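A.B. asks: Quick check, what structure comes out for this input:
(chains A and B)
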Amino acid sequence: MDTFIMLLTIFVLAIFVGFEVITKVPPLLHTPLMSGSNAISGITIVGAMISVATPNRFTTILGFIAVVLAMINVVGGFLVTHRMLGMFKRKG
Amino acid sequence: MQSALINIAYLVASVLFIFGLVNLSHPRTAVRGNFLGSVGMLIAIVATLFDRHIIAAGASGLLFIFAALLIGSVLGALLALKVKMTAMPEMVALLNGFGGAASVLVAGAALIDTADPTLQISVATVASGLIGAVTFWGSAVAVIKLQDLIPEKYCHFAGQHLLNALLGLIVLALGAWLVAAPETTNIYWALVVVASVLGILLVIPIGGADMPVAIALLNSYSGLAGAATGFVLSNNGLIITGSLVGASGIILSQIMCKAMNRSLLNVLSGVVAGGAAAGPSADAVYAGKVKSATADEIAMLFDAARRVVIVPGYGMAVSQAQHAVRDLANLLEDRGIEVEFGIHPVAGRMPGHMNVLLAEADIAYDKLKEMDEINPTFERTDVVMVIGANDVVNPVARTDPKSPIAGMPILDVDKARTVVVVKRSLSPGFAGIPNPLFAADNTLMFFHDGRKAILELIGALKEV
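C.D. replies: Here you go, the predicted structure:
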């Protein structure tokens, strides 16, 4: 129960941080914001990697697929965001 | 000790993600922000390789992990490098879906691997399975709908909301059952199947113009599914990141709803705006009042102008006119004319989409102005050129409280000295209502395909 309360505290505080930070992103960059948040939500990969390493063959397969999907998010997300941001130039 | 170090690595990764998002507040620092985020991810992945389960699995475990990392990297890189900027909504929807699916699989695997699941684990697994499955299948439908592959008439049927409510109840019942008997893992997969059907049915009725809201909301769901998985694994990194992404998606959906003056509930239930019946007919608005102009006449107008604002809609991107528009803007600037772009929040097919499309055409970002910034300047603007936009410049939103778009914030282009509208015909936009702007005294219509119109204008302007 103690761990749960601690995790819940982190969850609630992180949502507040999220609202504070995201409201400062200008509409100009909302598309890169979405692809960038796709990339960081690929953090699920750390759970997936551990599932791959379990002795149970079924969960290894589940973990394997999850690592592939999350890694598509990570690499695809960061790369496409980088590509887009590179297009935003000032005059001159 | 080892697990403490790994958790510290996750904390460092979370801090880098937050710094990354902070740096997204300005295009000058945004590239660095994205880089910081990717460093955070690298740290998290490398630290996880030292997890005791992974070390216990030995070489074969590592081999599997690296194989999966490699496959995902190649597919992700191909996707990111090949995707066209006009297809960014599909790309983001796809990534939302993958995020949801990954959460479903990780939570399911964790439930099976946990010997004696606590209440926290079982409840979080239910949340992760439900939100993740809805996100994956909802996003899949969104991708298909964005490509206009489903005719609208198949998207609505009688009893839709009742069926969704019923499916929702079944999911909740299965969830309660799983919490009561967490060792029966088959219930989890049944829950995922029902939630999948629910995900498809929830997104299917959402109209084409509302897709940006749906994508932003699914973005939020993918984050929340990740946070729920964080509760399954008691992993701070997942919880923090999931809540950041969840908050981001919710903010974006709110901004889009506000820009359309619609409630989220209204968008989600797929209620289509009132339609033509709610206002005067097209004939009454347009008859005898619409003035059409040639490229030469418009070039003359531009030549005499000191300030020009270009208002692009998605139609501009569809006709691939953005490069021609850039050439026109450069030509005008060479003559000492001030040129700016007015971007409505729902222009394009996802939040911020129009800015990316214009930036791709090498238009400097400091010329792309938000609605609130550009609106007060229309009164001192000589010529406004509207290309491929309709509802977002319809003054009826301000004047007629009975109109389906009443109260929607619009770009006040009608306040400029002259308005030039480049459009193929007088056909209505998504809202299905006529636009009195086209018949206004200070409006000239240039009936033409977007790209060809701009090219003709450039030709005519060079001769003035």
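A.B. asks: residues in contact with the residue lying closest to B:Arg28 once chain neighbours are set aside?
C.D. replies: Of all residues not flanking B:Arg28 in the chain, A:Arg90 sits nearest, at 8.0 Å (C-beta to C-beta, 6 or more residues apart in numbering or on different chains). From N, CA and C alone the C-beta is placed, and that goes for glycine too. Counting by C-beta atoms under 8 Å, 6 or more residues apart in numbering or on different chains, A:Arg90 touches B:28, B:364-366.
A.B. asks: can you pick the most crowded of those residues?
C.D. replies: B:Tyr365 (19 neighbours; other C-beta atoms under 10 Å in any protein chain shown).
A.B. asks: Quickly note the distance from it to B:Met350.
C.D. replies: 18 Å (C-beta to C-beta, to the nearest Å).
A.B. asks: that's a helix at B:Ala431, yeah?
C.D. replies: No. Per DSSP: H, G, I helix; E, B strand; the rest coil, B:Ala431 lies outside any helix segment and is coil.
A.B. asks: Might one say that it is in contact with B:Val392?
C.D. replies: No. Between B:Ala431 and B:Val392 there is no contact under C-beta atoms under 8 Å: 9.8 Å.
A.B. asks: how about the strands of the chain, start to end?
C.D. replies: Chain wasn't specified; assuming chain A. Applying DSSP state E to chain A gives no strands.
A.B. asks: not quite, I wanted chain B
C.D. replies: Using DSSP E, strands in chain B cover B:307-312, B:338-343, B:368-370, B:383-387, B:418-423, B:443-447.
A.B. asks: neighbours around the closest residue to B:Phe64 other than its chain neighbours, how many?
C.D. replies: Nearest residue to B:Phe64 in three dimensions, chain neighbours excluded: A:Val52, at 5.1 Å (C-beta to C-beta, 6+ apart). Residue crowding around A:Val52 was assessed by other C-beta under 10 Å; the count is 28.
A.B. asks: likewise B:Val31?
C.D. replies: 18.
A.B. asks: Then the one 4 residues further on?
C.D. replies: Number of residues near B:Phe35 (other C-beta under 10 Å) recorded here: 17.
A.B. asks: For stretch B:55-67, which outside residues touch it?
C.D. replies: A:49, A:52-55, A:60, A:64, A:67, B:49, B:54.
A.B. asks: Output that stretch as PDB, restricted to C-alpha atoms.
C.D. replies: Once non-C-alpha atoms are left out, stretch B:55-67 reads as follows in PDB (Å, rounded to 0.1, in the frame of the first residue of the first chain):
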ATOM      1  CA  ILE B  55      21.300 -10.800 -16.500                       C
ATOM      2  CA  ALA B  56      19.800 -14.100 -15.300                       C
ATOM      3  CA  ALA B  57      18.500 -14.800 -18.800                       C
ATOM      4  CA  GLY B  58      22.100 -14.800 -20.100                       C
ATOM      5  CA  ALA B  59      23.300 -14.600 -23.600                       C
ATOM      6  CA  SER B  60      20.200 -16.000 -25.300                       C
ATOM      7  CA  GLY B  61      18.000 -13.400 -23.500                       C
ATOM      8  CA  LEU B  62      20.300 -10.600 -24.700                       C
ATOM      9  CA  LEU B  63      20.200 -12.000 -28.200                       C
ATOM     10  CA  PHE B  64      16.400 -11.800 -28.300                       C
ATOM     11  CA  ILE B  65      16.400  -8.300 -26.900                       C
ATOM     12  CA  PHE B  66      18.900  -7.000 -29.400                       C
ATOM     13  CA  ALA B  67      17.100  -8.700 -32.200                       C
END
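A.B. asks: Max pairwise distance over the contacts of A:Arg90: which two?
C.D. replies: B:Arg28 and B:Ala364 (12.5 Å; C-beta to C-beta).
A.B. asks: Around chain A, pick out the residues from the stretch 101-250 of chain B.
C.D. replies: B:101-103, B:105-106, B:108-110, B:112-113, B:120, B:215-216, B:219, B:222-223, B:226-227, B:229-249 (C-beta under 8 Å from any C-beta of the partner chain).
A.B. asks: Quick check: B:Glu340 touching B:Lys369?
C.D. replies: Yes. Here B:Glu340 reaches B:Lys369: they are 5.4 Å apart, a contact under C-beta under 8 Å.
A.B. asks: Show me whatever sits in contact with both of those two.
C.D. replies: B:Thr377.
A.B. asks: So for the longest helix along chain B, what gets flagged as buried?
C.D. replies: In chain B, ranked by residue count with DSSP state H as the criterion, the top helix is helix B:52-82. Judged by neighbour count using 16 or more other C-beta atoms under 10 Å in any protein chain shown, the buried positions of helix B:52-82 are B:53-54, B:57, B:61-62, B:64-65, B:68-69, B:71-73, B:75-77, B:79-80.
A.B. asks: try stretch B:379-390
C.D. replies: Buried residues in stretch B:379-390 (16+ other C-beta under 10 Å): B:381-390.
A.B. asks: if we take those residues, which one ends up nearest to B:Val318?
C.D. replies: B:Gly388 (6.9 Å).
A.B. asks: now that closest one: how far from chain A?
C.D. replies: 18 Å (C-beta to the nearest C-beta, to the nearest Å).
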